[in-house]
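# Sequence plus predicted model, see below.
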Amino acid sequence: MTLTIQDLGALGEFFGSIAVLVTLIYLAFQTRQNTMAIRAQLDSARIGAVQELLLAAATSTELQEALEEDRVGEVTINQNRRDQWWSAMLANSQWQHANQRLLPSAFPEGRGTTIARMFRRYRSMESWWEIAKPSYLPEFVEWVEDQRTKAT
């Protein structure tokens, strides 16, 4: 049996299509692994940022004083430091919910209790939230508003 140029071309096309299919499968696998690695790096960076945020609250006497001054019943407020704190806390909450792709109904109950307690405990939370809420996702705003209602 002799192969003609046409037969060799058809064979080459067949093996080429198999090679393309194998390459596509390999690239899909590599893309998935890369996506998981990037997600792990982002989670690690977020956890580091939250640790720094909590460490700042634990070690910064200025922030501790600002939060203590802001408690209901006190008179003075260190507004700049406090606003940075609220912004960081709520931005972290929103990021967690968006990253986990949770609907508002599936947000963790413990997080809602924390938000509600913040509205009850700190008088500046109300005014700060009114100014800041346009910068958050609508689903997150709706959820925080629900927690705020529970706090009153």
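Structure's in. What do you need? Numbering: from 1, shown residues only.

# ok now stretch 51-58, how far from the chain's centre?
The chain centroid and the centroid of stretch 51-58 are separated by 18 Å under Cα atoms, centre = their mean, to the nearest Å.

# outside of that stretch, which residues touch it?
With Cβ atoms under 8 Å, 6 or more residues apart in numbering as the test, stretch 51-58 has contacts from 63-64, 67, 85, 88-89, 92. Quick note: C-beta positions are derived from backbone N, CA and C, even for glycine.

# repeat that with 7 Å
Residues from elsewhere that reach stretch 51-58 (Cβ atoms under 7 Å, 6 or more residues apart in numbering): 63-64, 88, 92.

# Where does the record place the domain boundaries for this protein?
For the chain, the structural domains run 11-46, 60-151, going by automatic domain parsing.

# hmm, back to that, just the buried members of the contacts of stretch 51-58?
With burial judged by 16 or more other Cβ atoms under 10 Å, the buried subset of the contacts of stretch 51-58 is 63, 88.

# Return the two entries of the contacts of stretch 51-58 that lie farthest from one another.
For the contacts of stretch 51-58, with distances taken as Cβ to Cβ, the pair at the greatest spread is Gln64 and Asn92 (18.9 Å).

# what sits against the most centrally placed residue in the chain?
By Cα atoms, centre = their mean, the chain has its centre lying nearest to Trp95, at 2.0 Å. Residues near Trp95 by Cβ under 7 Å, 6+ apart: Arg46.

# Retrieve the pLDDT associated with it.
On pLDDT, Trp95 comes in at 70.

# what helix or strand is it on?
helix 79-99 (DSSP states H and E).

# what is the mean pLDDT for stretch 2-10?
Mean predicted lDDT for stretch 2-10 stands at 88.

# related to what we said a few turns ago, lowest average pLDDT across the domains of the chain?
Per-segment mean pLDDT for the domains of the chain reaches its minimum on domain 60-151, at a mean of 70.

# Output stretch 6-21 in CSV with nothing but the alpha carbons.
Taking Å, rounded to 0.1, in the frame of the first residue of the first chain, the C-alpha atoms of stretch 6-21 are listed here in CSV:
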residue,chain,number,x,y,z
GLN,A,6,-3.3,13.5,-0.2
ASP,A,7,-3.3,10.6,2.2
LEU,A,8,-0.3,12.0,4.1
GLY,A,9,-2.0,15.4,4.3
ALA,A,10,-5.1,13.9,5.7
LEU,A,11,-3.1,11.9,8.3
GLY,A,12,-1.2,15.1,9.2
GLU,A,13,-4.4,17.0,9.6
PHE,A,14,-5.8,14.3,11.9
PHE,A,15,-2.7,14.2,14.1
GLY,A,16,-2.6,18.0,14.2
SER,A,17,-6.2,18.2,15.4
ILE,A,18,-5.5,15.7,18.2
ALA,A,19,-2.4,17.8,19.1
VAL,A,20,-4.5,20.9,19.3
LEU,A,21,-7.1,19.2,21.4
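
# Thanks a lot, catch you later.
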